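Visitor: Pasting a predicted model and its sequence here:
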Amino acid sequence: MSNVNVAVIGVGNCVSSLVQGVEHYRDGDAPGLSHPVCAGYAISQVRFTAAFDVNAAKLGRDLSEAIWTPPNNARGFATVPHLGVPVVEGILADGVGPGSAGAIDPRGGATPGQVAAHLAETGTHVVLSFLPTGAQQATELYAEAALAAGCAFVNCMPAVLARSPEWRRRFAEAGLPLIGDDLKSSFGATLVHRALVDALTASGVHLHDGHQLLGGGNMDFANLQDADRMKSKKDTKATGAGTSTHVSAQYLPFLDDRKIAYLRLDGTGFGGSPLEVEVRMVVEDSPSAAGNALDAVRHAKAAMDEGVGGLLG
């Protein structure tokens, strides 16, 4: 079976954890990995073939070096060898929001045609997008490039792409897989929140309110200080059961890539008795996102092998 050739868009903390993870798990199973083999592909068959970014400090660097370039602050857990994958200038569009604009020197003059040509030249199979929340225009331009290059597209950020009938149709007609939007972390606040909702409602509890109060020190949280971009994130955090869930995110630089989440649910139980559940959780933010991304790119390549296009559930 061939390799899974992956291009990454946005060489931030999540890509740092992803690249480290491929190296960390290359020789087999270890704690924290859900699927050593997924859709017939082992971790050792995942190869990075291209990388795009708009931060001038990362452009021209090998991917193995760019993942450590500030403002990246993800936890280091693997030594990554030289990959021979230079970070090239990508598409700016709306990819840099007000909250993170001061942290980088932005470039981004590439066109979808130039991105598509680079994808084709590098033999890329799957394009994996870790663009910032709110980068709807940039997401669509990269999707255009993926279609032109004959690549699958995995959208890990909350943009309307996989939810769009038009984009689903276009990828289906091209015979190319589409996965997303906003790929969930393997273990995050929303997963725990939904598990609590499911457990309580299954026991007859009527839930009427809840919240997620989130704090973190990475560029994702800096980006979410913009109200419009935060709205895009909130739209992906519905927890079901008709509950009204308030979500807020605070940028706390001293936390680096850690995320602190305070979760609360209020409801009514047997006999009308009040019920309150509160949970505090602390996780390294980016590694949690990388695990599901590894599964998604392998599923996308397997679908390509079988000639399956369009939205993958």
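Guide: The structure has been received and is ready for your questions.
Visitor: SS state for the closest residue to R61 other than its chain neighbours?
Guide: In space, and not counting its chain neighbours, R61 is closest to V87: 5.5 Å by C-beta to C-beta, 6 or more residues apart in numbering. Any C-beta I mention is one placed from the backbone N, CA and C, and that applies to glycine too. At V87 the chain is in strand, as set by DSSP: H, G, I helix; E, B strand; the rest coil.
Visitor: just checking, V87 touches I9?
Guide: No: when contacts are counted by C-beta atoms under 8 Å, V87 is not listed as touching I9 (10.7 Å).
Visitor: Common neighbours of those two, please.
Guide: Listed as contacting both V87 and I9 by C-beta atoms under 8 Å, 6 or more residues apart in numbering are F52, D53.
Visitor: for the stretch 201-313 of the chain, what spans make up the helices?
Guide: 219-223, 227-234, 285-305 (DSSP state H, counting those that start in this stretch).
Visitor: for the stretch 51-200 of the chain, same thing?
Guide: Using DSSP H, counting those that start in this stretch, helices in the stretch 51-200 of the chain cover 63-66, 112-121, 136-149, 165-174, 189-202.
Visitor: Buried residues in the shortest one, which are they?
Guide: Residues of helix 63-66 classed as buried by neighbour count (16 or more other C-beta atoms under 10 Å): L63, S64, E65, A66.
Visitor: show me the contacts for the first one.
Guide: Think L63. V8, V11, V19, F48, A51, L83, V85, P86, V87.
Visitor: need the helices of the stretch 51-200 of the chain in CSV with mean pLDDT, can you?
Guide: Shown next, in CSV, are the helices of the stretch 51-200 of the chain (pLDDT from 0 to 100):
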stretch, mean pLDDT
helix 63-66, 98
helix 112-121, 98
helix 136-149, 96
helix 165-174, 96
helix 189-202, 90
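Visitor: So for A74, which of these sits nearest?
Guide: Proximity to A74, assessed across the helices of the stretch 51-200 of the chain by C-beta to C-beta, is greatest for helix 63-66 (12.2 Å).
Visitor: how does this structure divide into domains?
Guide: Domains of the chain are assigned by the TED database as 4-184+287-311, 189-284.
Visitor: just to revisit the earlier point, columns distance to H208 on top of the helices of the stretch 51-200 of the chain, output as TSV?
Guide: Output for those, formatted as TSV (distance: least, C-beta to C-beta, whole Å):
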stretch	distance to H208
helix 63-66	47
helix 112-121	46
helix 136-149	32
helix 165-174	33
helix 189-202	11
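Visitor: Among the ones you listed, show me which one is buried the most.
Guide: helix 136-149 (a mean of 22; mean count of other C-beta atoms under 10 Å).
Visitor: Contacts for it next, please.
Guide: Residues outside helix 136-149 that contact it (C-beta under 8 Å, 6+ apart): 9, 52, 90-95, 112-113, 115-117, 119-120, 124, 127, 129, 131, 152-153, 155, 157, 159-161, 167, 170-171, 174, 176, 232.
Visitor: Now T268. Nearest residue, chain neighbours left out?
Guide: In space, T268 is closest to H206, 4.7 Å off (C-beta to C-beta, 6+ apart).
Visitor: Would you agree that neighbour is in contact with G267?
Guide: Yes: the pair H206 / G267 is scored as a contact, 5.7 Å apart, by C-beta under 8 Å.
Visitor: what about those two, which has more around it?
Guide: G267 (22 against 14; other C-beta atoms under 10 Å).
Visitor: can you give me the strands for the chain?
Guide: 4-9, 37-38, 41-42, 46-53, 87-89, 126-129, 152-155, 177-179, 206-216, 245-251, 258-268, 274-284, 310-311 (DSSP state E).
Visitor: thinking again about what came up before, what's the PyMOL line that selects buried ones from the contacts of L63?
Guide: Applying 16+ other C-beta under 10 Å to the contacts of L63 leaves a buried subset, and the PyMOL line that selects it is:
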select buried, resi 8+11+19+48+51+83+85+87
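Visitor: follow-up on the earlier one: distance to A199, mean pLDDT and mean neighbour count for the helices of the stretch 201-313 of the chain - can I get that in JSON lines?
Guide: Listed next are the helices of the stretch 201-313 of the chain as JSON lines, based on distance: least, C-beta to C-beta, whole Å; pLDDT from 0 to 100; neighbours: other C-beta atoms under 10 Å:
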{"stretch": "helix 219-223", "distance to A199": "28", "mean pLDDT": "87", "mean neighbour count": "24"}
{"stretch": "helix 227-234", "distance to A199": "23", "mean pLDDT": "71", "mean neighbour count": "16"}
{"stretch": "helix 285-305", "distance to A199": "21", "mean pLDDT": "92", "mean neighbour count": "23"}
